[in-house]
Each structure stands twice: as C-alpha cells, then as structure tokens.
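# Here you go, sequence then predicted model.
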Amino acid sequence: MPVLDILVYPDPKLKKVSEEVKPQEIKSLQPFMDDMLETMYANKGLGLAAVQVGVLKRILIMDIAQGSIRYDGTHNPDAKPDPLFLINPEIVEESAKMFCFEEGCLSFPAQFAEVKRPEVVTVKFLDYQAKEKQMTFEKLASVCVQHEIDHLNGIVFVEHISKMKRDLIAKKLEKYKKRLAF
C-alpha cells in the first residue's frame, strides 16, 4: 500500500467541503481507504480525513488504540491497531460539557494549539463495509472525530483559536516548511 502525500496548510483544498460518498462507491474506495490508513500510521497520526490527501470525499479514519502522551497521558506502543473508518460521518448529538485539548494536525506539521470542543459526541456513519453505524465518542476519541469531521467541512483546527494564535502558528509553520524545504 502506498503512503500518500499529505496536504500542508495553506493548501486551498483544505478549505473545501468534501462530497458525500454514495454507498455503492464504498467498495471501490476501499483500496484508497487502506492507503489512507497506511499514510496515517506512517506519519504517526491519530486520524486522517480524505481531503488531507487531496480527495474531496467524506471519509475519515482514526485509530487511538495506542493512546497519546500529548492528549491523555497514556501511550501503549504495543497496543494492536484498531482502525475505525467513518464514511459520511454526521454528529447527531453532543454534550453541553466542553473541554480543552491541545490538538495537532498532520496538515500542520509540528504545530499545536488548545481547542475547546464538546467532551462527548454521537456520530452516525457508514463503515468500511457500507453498514450504517452510530457510535458515541468521549475525550480523546471525541476530539479526534470532531477534528476530522471539521476537515470534511473545510474547517481546520486553527479556526477554533484566536486570530493572534492562528497568525503565530502560520508564522511557525512557514519557518518549519522553509527548514524542510517544502
């Protein structure tokens, strides 16, 4: 499976709303979803939206089985992968209780910011086999799924922070890209 190129902010595709996937398309998109998963793992991400690899389809993947020192203070590198594929995800319920987590993003390499989001969300979606599902996500999983759904709606995580912090991240990202000769 090939590792796909990840779009880096401010790529204009990251601001576009992704198209819904027709259930009959899912089987033909499975190899692409497998490539997305390989790409996410290769880049040590917790989640990835199709738009981040240049495909404007409402597909996201996530795997938080190993946990994250940054998010919840846990990390188990020996945990078996437990990927979740969400196609056409839609938040159907969210808690009134909010919380802040420091988020990062594969499209914003080495950049992090605290974002306030609902602590619990319930999402309906189609899975890898085109079956309808509904799941409730809490804490780290909630942050991850909301972050990736934002991508599908053309929203990047820095839009949830102040302009001053957003501008600072943009400057740091430019320096980072110059160092790596993007």
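Great, that's in hand.
# Just the buried residues of stretch 115-129, please?
Neighbour-count burial for stretch 115-129 flags 115, 117, 118, 119, 120, 121, 123, 125, 126, 128 (criterion: 16 or more other CB atoms under 10 Å). Every C-beta, even on glycine, is put in place using the N, C-alpha and C of the backbone.
# So which residues of the protein form strands?
Secondary structure of the chain (DSSP state E): strands at 47-49, 59-62, 84-94, 98-105, 108-118, 120-126, 132-138.
# Looking at these, spot the one closest to residue 9.
Closest to residue 9 of the strands of the chain is strand 108-118 (CB to CB; 5.3 Å).
# which other helices and strands contact the closest one?
Contact analysis of strand 108-118 by 3 or more CB pairs under 8 Å, 6 or more residues apart in numbering; DSSP states H and E lists strand 98-105, helix 139-152, helix 163-180 as its packing neighbours.
# on that earlier part again, would TSV of the strands of the chain with mean pLDDT and distance to residue 180 be doable?
Below are the strands of the chain laid out as TSV (pLDDT from 0 to 100; distance: least, CB to CB, whole Å):
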stretch	mean pLDDT	distance to residue 180
strand 47-49	98	20
strand 59-62	98	25
strand 84-94	99	30
strand 98-105	93	16
strand 108-118	95	8
strand 120-126	99	34
strand 132-138	98	33
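# Can you say which of those is nearest to residue 170?
Using CB to CB, those put strand 108-118 closest to residue 170, at 8.9 Å.
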